[in-house]
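A.B. asks: Pasting the sequence and the predicted coordinates here, then a few questions.
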Amino acid sequence: MTRPDRPAELPVFKFAISLLFFAALVHLATTSAIAQHFTFQHYEQEEGLKNHDVFKLIQDQTGLLWSATENGLFRYDGAEFHRFGAADGIPESMVIDVYQDASGRIWAAGTDHLYYLAGDHFQTLPTTLGAIQLGPGQRLTSIDPRHILFLNRSTLMLAQPTDGPQRWTIAPYFNPQQTAAHPELSHLHNVFVDHDGTLWLGCAQQLCRVKTIRSMC
């Protein structure tokens, strides 16, 4: 006699799988809901942040919070805000970017000058270019602590430390031959450095990539 089929067991097996899948979904949903529980704290003028227009916000390597705002640079230590003004080395009222390089040095960008924190006082980055024209959204970044990059009038500039009294030298990142070969490099509007040192540039209406220092691909 042939062995009869047992179709009644198949729905039971499917039902067991469905229950297991449903239980997994419930567990994931519960875990996700717990993991995504946030608390919010508003920091406004009453708390010491004296401007609502924040261009950039970073947390440094020690846990301090830095805010680049239309009313200057602020640092928050968990208890109070401190504004860095003229007495601290930043005479400009508008600070459009704040950045920390790999060495831990804090940089700030006004609309006309760049500043770096030395001790508890900001120093102006010296330049023979005259006033530097910077705009909100134009990222201040670096390849490493000795190669600071920023945009000046749509041109990518490189700041490097020196041993002389000038301390820093500033020059275009790309030489005339590279710019002539790639005219779009004369119309830059943003720069980003990848973890491996690759540069990504918003150039004209394109996205440009620079693999290594001073070599275009």
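C.D. replies: Now that the structure is in, tell me what you want to look at.
A.B. asks: For Pro172, which residues are in contact?
C.D. replies: By C-beta atoms under 8 Å, 6 or more residues apart in numbering, Pro172 lies in contact with Thr155, Leu156, Met157, Leu158, Thr179. Yep, even glycine has a C-beta here, placed from its N, CA and C like the rest.
A.B. asks: out of these, who's nearest Ile132?
C.D. replies: Set against Ile132, the nearest of those by C-beta to C-beta is Met157 (8.0 Å).
A.B. asks: May I have the residues that are in contact with that closest one?
C.D. replies: Contacts of Met157 (C-beta under 8 Å, 6+ apart): Leu129, Ile132, Leu149, Phe150, Leu151, Ile170, Ala171, Pro172, Tyr173.
A.B. asks: Then Leu158?
C.D. replies: With C-beta under 8 Å, 6+ apart, Leu158 has these contacts: His147, Ile148, Leu149, Ile170, Ala171, Pro172, Tyr173.
A.B. asks: quick one: what helix or strand has Gln178 in it?
C.D. replies: helix 176-181 (DSSP states H and E).
A.B. asks: and that helix, what's its mean pLDDT?
C.D. replies: Averaged over helix 176-181, pLDDT sits at 92.
A.B. asks: about what we covered before: could you tell me which of the contacts of Met157 count as buried?
C.D. replies: With neighbours counted using 16 or more other C-beta atoms under 10 Å, the contacts of Met157 contain these buried positions: Ile132, Leu149, Phe150, Leu151, Ile170, Pro172, Tyr173.
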